[in-house]
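Enquirer: fold the following, please.
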Amino acid sequence: MSGPFEVGERVLLIDQRDRTYLFRLEAGGTFHTHSGTLDHGALIGAQEGTRLETSRGMVLRAYRPRYADFVLKMPRGAQVIYPKDVGPIVMYADVFPGARVLEAGTGSGALTIGLCRAVGTEGSVVSYDVRDEHRHKAIGNVEAFFGKMPDILEIRGGDLSEVAGTGERYDRVVLDMPEPWVPLPALAQVLEPGGVVCAYLPTTVQVQQLVLALPDNGFQHIETFETLKRGWHVTERSMRPDHRMVGHTGFISIARREAR
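Expert: Sure, this is the predicted structure:
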């Protein structure tokens, strides 16, 4: 979206120390911070990149939040998949415009949003989660990001293995669940030959059990990796890596379904 800010939009404020604040614009609303207040009216009708000051002189710049900004600040029911992992998942699972994607579990909806963006208006995403509280939180986050529930998305309750009885077919499967090896027989029935299954797991024990189970269920061309993100501090006189980095968050395992 481009153009000036409107009532109802989410705004990301960035202060002089690169701290970020995310909120929704409301007519007559006020943004509160430890360094003063800012009337929402100062933003309504303003362009992205506008410089503002709070009542106590704190300087802010206003932008629309990126997907990564939204994911890191959205309400969480379950632990979200970090942006540094969402990108490789979408890339290595080869989620393309028009793809039919099956996901489990939905969690807080961070990856669900990324999958919806990747498949576009011609694709579809069906997401399973067994926990009601996770589904409700995810629905709220998805609606907050898109402004409504996308027509291409269906969030379901119940066991993922039940998908075998639906007669549905999928191009890609993306899993963020504790025991992804359990539904593999059902996934082999609904995933197209050559289709990709991608699993996100936090521990080596889980990865090992999944990778050993994949060939027995008709999946080959298996790879497992992790991504690490290290920022750099850049000045006129020097460059150095940041003291902190986003290290291990999870393992990504990819496999392809054989034709049988």
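
Enquirer: residues contacting stretch 203-211, please?
Expert: Stretch 203-211 has contacts (C-beta atoms under 8 Å, 6 or more residues apart in numbering) with Pro178, Glu179, Pro180, Trp181, Ala199, Leu201, Ile222, Thr224, Phe251, Ser253. In this view, the C-beta of every residue, glycine as well, is placed from N, C-alpha and C.

Enquirer: now rank the residues you listed by neighbours and give me the top one.
Expert: Within the contacts of stretch 203-211, most neighbours by other C-beta atoms under 10 Å means Ala199, with 27 neighbours.

Enquirer: and that one, that one's in a strand?
Expert: Yes: Ala199: assigned to a strand according to DSSP: H, G, I helix; E, B strand; the rest coil.

Enquirer: so it bridges to which residues?
Expert: In this structure, Ala199 has the following beta-bridge partners (DSSP bridges): Leu175, Ser253.

Enquirer: cool, and Arg24?
Expert: On the basis of DSSP bridges, Arg24 is bridged to Arg10.

Enquirer: number the residues from 26 up from this point.
Expert: Right, with 26 as the first residue, what we last looked at is Arg49.

Enquirer: quick one: contacts for it?
Expert: Residues in contact with Arg49 (C-beta under 8 Å, 6+ apart) are Gly33, Glu34, Arg35, Val36.

Enquirer: before we move on, back to that, in strands only, show me the contacts of stretch 228-236.
Expert: If you go by DSSP state E, those have Ala224, Leu226, Ile247, Thr249, Phe276, Ser278 in strands.

Enquirer: closest to Arg255 out of those?
Expert: Checking the ones in strands among the contacts of stretch 228-236 against Arg255 by C-beta to C-beta gives Phe276 as the nearest, at 18.4 Å.

Enquirer: just checking, the closest one touches Tyr225?
Expert: Yes: using C-beta atoms under 8 Å, Phe276 is in contact with Tyr225, at 7.3 Å.

Enquirer: among the contacts of Arg49, who's most crowded?
Expert: Busiest of those [other C-beta under 10 Å] is Val36, holding 22 neighbours.

Enquirer: tell me the pLDDT of that one.
Expert: pLDDT recorded at Val36 is 96.

Enquirer: check Glu78 too.
Expert: Looking at Glu78, the pLDDT reads 95.

Enquirer: hmm, who's touching stretch 202-222?
Expert: 117-119, 127, 129-130, 184-189, 191, 193-200, 224, 226, 231, 234-235, 238-239, 242-244, 279-285.

Enquirer: average pLDDT across that stretch?
Expert: Mean predicted lDDT for stretch 202-222 stands at 97.

Enquirer: what comes up buried for it?
Expert: Neighbour-count burial for stretch 202-222 flags 202, 205-206, 208-209, 211-213, 215-216, 220-222 (criterion: 16 or more other C-beta atoms under 10 Å).

Enquirer: again, but for stretch 79-87
Expert: Counting neighbours by 16+ other C-beta under 10 Å, the buried set in stretch 79-87 is Thr79, Met83, Leu85, Ala87.

Enquirer: ok, stretch 175-187 next?
Expert: Buried-residue list, stretch 175-187, by 16+ other C-beta under 10 Å: Pro175, Ile177, Leu178, Ile180, Arg181, Leu185, Ser186.

Enquirer: on that earlier part again, adding distance to Ser263, write the contacts of Arg49 out as JSON lines.
Expert: Formatted as JSON lines, the contacts of Arg49 follow (distance: C-beta to C-beta, whole Å):
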{"residue": "Gly33", "distance to Ser263": "44"}
{"residue": "Glu34", "distance to Ser263": "39"}
{"residue": "Arg35", "distance to Ser263": "36"}
{"residue": "Val36", "distance to Ser263": "34"}
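
Enquirer: among those residues, which one lies nearest to Val271?
Expert: Using C-beta to C-beta, the contacts of Arg49 come closest to Val271 at Arg35, 23.2 Å.
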